[in-house]
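*Asks:* Show me how the following folds:
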Amino acid sequence: MARKTSFLLAVILLLNVLVVSGCAGWQQDNDVLYQVSTIGALSRGDFDGTVTFKALKEHGEFGIGTFDGLDGEMVALGGQFYQIKADGKVYPVADSQETPFSMVTRFEPDRVAQVDQPLNMGQFTQYLDSLLPSKNVFYAIKVEGTFKSIKTRSVAGQSEPYPTLAEALQSQVTFDFCDVAGTMVGIRCPDYIEGVNVPGYRFHFITDDRQAGGHVLECQLDKVKIEIDDTPDLYMDLPDTSSFYKLDLTNQQQGEVGQMGKGPAIE
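*Replies:* As a prediction, this is how the structure comes out:
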């Protein structure tokens with residue numbers, strides 16, 4: 001009996017050390033992708049914001065996401081947060097605004113590359129794959145320079161009762177840019193993350209003058225600098241709301257998230 005008690009105490013002490021160490025690591029480690037909610041919840045119409053942008057900024061200054069009610073596309077770049085609404089214009093983000101789904105990190109590039117030739121989206125993502133040491137972890141990606149063309153989209157804010165994400169995207173507004181300078185902010189997720197996030201690449205774009213942008217649907221590069229930050233750790237903040245608790249997230253199929261499959265997708 002004494003031996004069992006001693007063993008149990010040792011396990012409890014070890015767990016305490018691991019929890020404390022984990023918390024300390026979370027506070028100090030910049031190679032973490034912080035995620036609000038799941039893509040499965042968003043796809044089912046869980047659009048209510050649960051985390052303020054003031055709180056989101058504590059976890060990173062670089063990333064993508066959306067806003068309460070699915071009101072446009074979010075770009076976080078260089079510590080500044082931007083909202084690109086369905087009118088195609090860029091608006092500043094107040095600390096009090098909330099997000100139902102976002103991903104941010106503290107961007108510290110681990111590898112840099114230069115592209116000086118026209119590449120379409122498919123060629124570009126294939127090139128990115130060749131730069132990665134593994135497809136089984138997360139990456140934050142910044143693509144800065146000039147683009148021969150970019151097609152983006154945004155979505156107007158939705159009202160309750162909320163539609164599904166696929167239904168909301170039927171009324172998306174698209175924007176076309178030619179010979180434009182700006183930055184694509186992107187995240188790459190591994191295939192096994194389906195349901196929690198979207199496998200593959202997705203990017204949001206903002207022009208150098210911070211006047212326009214959106215979620216990237218298509219692009220053709222001209223001359224760009226690519227910076228990639230390995231973010232092997234994922235920290236997920238699940239909503240503590242009745243709507244999230246009531247969602248049926250079982251047996252999700254890739255088709256349910258419509259355009260959110262592999263490749264350029266929604267948040």
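*Asks:* C-alpha from now on. contacts and neighbour counts both.
*Replies:* Will do.
*Asks:* Quick check: which ranges of the stretch 151-267 of the chain have low pLDDT?
*Replies:* The stretch 151-267 of the chain contains residues with pLDDT under 70 at 251-267.
*Asks:* how about the strands of it, start to end?
*Replies:* Under the criterion DSSP state E, counting those that start in this stretch, the stretch 151-267 of the chain contains strands at 173-189, 200-207, 213-231, 233-237.
*Asks:* residues contacting the residue nearest the centre of the chain?
*Replies:* Centroid-nearest residue in the chain, with C-alpha atoms, centre = their mean: M103, separated by 3.8 Å. When contacts are counted by C-alpha atoms under 8 Å, 6 or more residues apart in numbering, M103 touches 33-36, 63-65.
*Asks:* Beta-bridge partners for it, please?
*Replies:* Counting by DSSP bridges, M103 forms beta bridges with Q35, I64.
*Asks:* Now do the helices in the chain.
*Replies:* Shown for the chain, the helices assigned by DSSP state H span residues 2-28, 39-43, 53-57, 121-131, 165-169, 242-246.
*Asks:* Least confident of the ones you listed, on average?
*Replies:* When the helices of the chain are ranked by mean pLDDT, helix 2-28 comes last with a mean of 39.
*Asks:* Can you check the pLDDT for the residue nearest to the centre of the chain?
*Replies:* pLDDT at M103 comes out at 98.
*Asks:* returning to that earlier point: write the ChimeraX selection for whichever of the contacts of M103 are buried.
*Replies:* Under the burial definition 16 or more other C-alpha atoms under 10 Å, those of the contacts of M103 that qualify are selected in ChimeraX by:
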select :33,34,35,36,63,64,65
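*Asks:* can you put the contacts of M103 in CSV and add pLDDT and distance to N120?
*Replies:* Below are the contacts of M103 laid out as CSV (pLDDT from 0 to 100; distance: C-alpha to C-alpha, whole Å):
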residue, pLDDT, distance to N120
L33, 98, 27
Y34, 98, 29
Q35, 98, 29
V36, 98, 30
G63, 98, 22
I64, 98, 21
G65, 98, 24
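*Asks:* closest to Q211 among the contacts of M103?
*Replies:* I64 (16.9 Å; C-alpha to C-alpha).
*Asks:* is it true that that closest one touches Q80?
*Replies:* No: applying C-alpha atoms under 8 Å as the test, I64 and Q80 come out as separate, 11.6 Å apart.
*Asks:* my read: A156 touches Q172, true?
*Replies:* Yes: look at A156 against Q172 with C-alpha under 8 Å: they come within range, at 7.2 Å.
*Asks:* Mutual contacts of the two, please.
*Replies:* Common neighbours of A156 and Q172 are listed as A86 (criterion: C-alpha under 8 Å, 6+ apart).
*Asks:* residues in contact with R44?
*Replies:* 163-165, 247.
*Asks:* And these, which of them are buried?
*Replies:* Buried subset of the contacts of R44 (neighbour count, 16+ other C-alpha under 10 Å): 163-165.
*Asks:* with those in mind, which one is nearest to V143?
*Replies:* Nearest member of those to V143, counting by C-alpha to C-alpha, is L165, at 27.0 Å.
*Asks:* That'll do, ta.
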